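Chemist: coords please:
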Amino acid sequence: MQSKISEILEMQFPPIALLKSDTKPEDATGPKGERGGCVMSFVAQTIAKRKTTYFGREHISCGGISVGFGWGSGMADEDAVDFQATFLSLGVDSAPDRAAYEERLSHMPKHTGEMFRHGERIYCDFETAKSGIKSRPVYDEGQYVIFKGIENLEEGEIPKSIIFTVNPMELTVLTQINSSFRDNSACIMTPQASACQAIGNFVFREAESDDPNPVLGPIDFAGRGKMKHFIPNDYMNLSMPWELFLKLEELSEASVLQTDLWKKFK
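Modeler: Reported below is the predicted structural model:
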């Protein structure tokens, strides 16, 4: 299928679809070997090059991706939660047990150890980071996520998430259409989440709502760093459940896109 919104806006990057599967796709690009690195490099290839890509449970290589794609919490125990909360906040400066944290870092490669030492600084302190980790929506199903251009969806395939990649003007249009049928002002989510979570589990949770919202991201620079070779820095992802995507596509046929106001920006 094609996206009406994408066609009208002549988007450089038409939307892509995230699907879940128990079967490894045969005609897709995926990680080589057991470790997959950051999944966002594969997502970016699908966005920019329209390649179908995949990522599996067996390729998990960081603490956020398990929960991001509905493969459990990714946390074996409370110590794992504390370690992740320390890294996501200020590193050693926020560690509840600095000596224990330093000991774990001593067994890491130098570059990785330094990154964990300083922390990713997504959260301002350990307590807030731990609360954020524990509030993530958790699912546990499927063995693989598959990313493909919306034009490559096969009949009967129902995506778990539709991912737009938009510049500021395209984001303005999508925000306007998404707000056009609502009577409240909180119409887009921007969770403090990793890039994979913003296109994955937070969208999965919105799909369970009677009034789902799109999810804006990525706001984590680690994920963005894996995308920058394919996607310009001034682009964002706006992800949404399948049913919301279909609704916005329908609304776009009688929207701001048919006005003289919009024509001035073309």
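
Chemist: please name the nearest non-neighbouring residue to Thr190.
Modeler: Across the structure, with CB to CB, 6 or more residues apart in numbering as the measure, the residue nearest Thr190 apart from its sequence neighbours is Leu216 (4.6 Å). (Each C-beta comes from the backbone N, C-alpha and C, glycine too.)

Chemist: could you point out which element follows the helix or strand harbouring the one you found?
Modeler: Per DSSP states H and E: Leu216 is located in strand 215-217. Using DSSP H and E, the helix or strand that follows strand 215-217 in sequence is helix 221-227.

Chemist: show me what that next one is packed up against.
Modeler: Contacting helix 221-227 under the criterion 3 or more CB pairs under 8 Å, 6 or more residues apart in numbering; DSSP states H and E are the following elements: helix 40-49, helix 195-199.

Chemist: just those: most buried one?
Modeler: Relative to the other members of those, helix 195-199 carries the highest mean neighbour count by mean count of other CB atoms under 10 Å, namely a mean of 28.

Chemist: what's the average pLDDT for it?
Modeler: Rounded to a whole number, the mean pLDDT of helix 195-199 is 96.

Chemist: can you list the residues that contact that helix?
Modeler: 18, 39-40, 43, 64-65, 67-69, 136, 161, 163, 191, 215-220, 222-224, 226-227, 237, 239 (CB atoms under 8 Å, 6 or more residues apart in numbering).

Chemist: could you export that helix as CSV, CA atoms only?
Modeler: Listed next in CSV are the C-alpha coordinates belonging to helix 195-199 (Å, rounded to 0.1, in the frame of the first residue of the first chain):
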residue,chain,number,x,y,z
ALA,A,195,14.7,5.2,20.3
CYS,A,196,13.6,1.6,20.0
GLN,A,197,11.1,2.0,22.8
ALA,A,198,9.6,5.1,21.2
ILE,A,199,8.8,3.1,18.0
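
Chemist: next secondary structure element downstream of it?
Modeler: Tracing the chain C-terminally past helix 195-199 and defining elements by DSSP H and E, one meets helix 201-207 next.

Chemist: now for that next one, which elements pack on it?
Modeler: In terms of contacts (3+ CB pairs under 8 Å, 6+ apart), helix 201-207 is packed against strand 215-217, strand 236-240, helix 242-251.

Chemist: the same query, at a cut-off of 6 Å, please.
Modeler: Other helices and strands packing on helix 201-207, by 3 or more CB pairs under 6 Å, 6 or more residues apart in numbering; DSSP states H and E, are absent; none qualifies.

Chemist: what sits up against it?
Modeler: Contacts made with helix 201-207 from outside it, assessed by CB atoms under 6 Å, 6 or more residues apart in numbering, are listed as 67-68, 70, 137, 139, 161, 191, 193, 212-213, 215, 239, 241.

Chemist: return the subset of the residues you listed lying in strands.
Modeler: Among the contacts of helix 201-207, the subset assigned to strands under DSSP state E consists of Ser161, Val215, Ser239.
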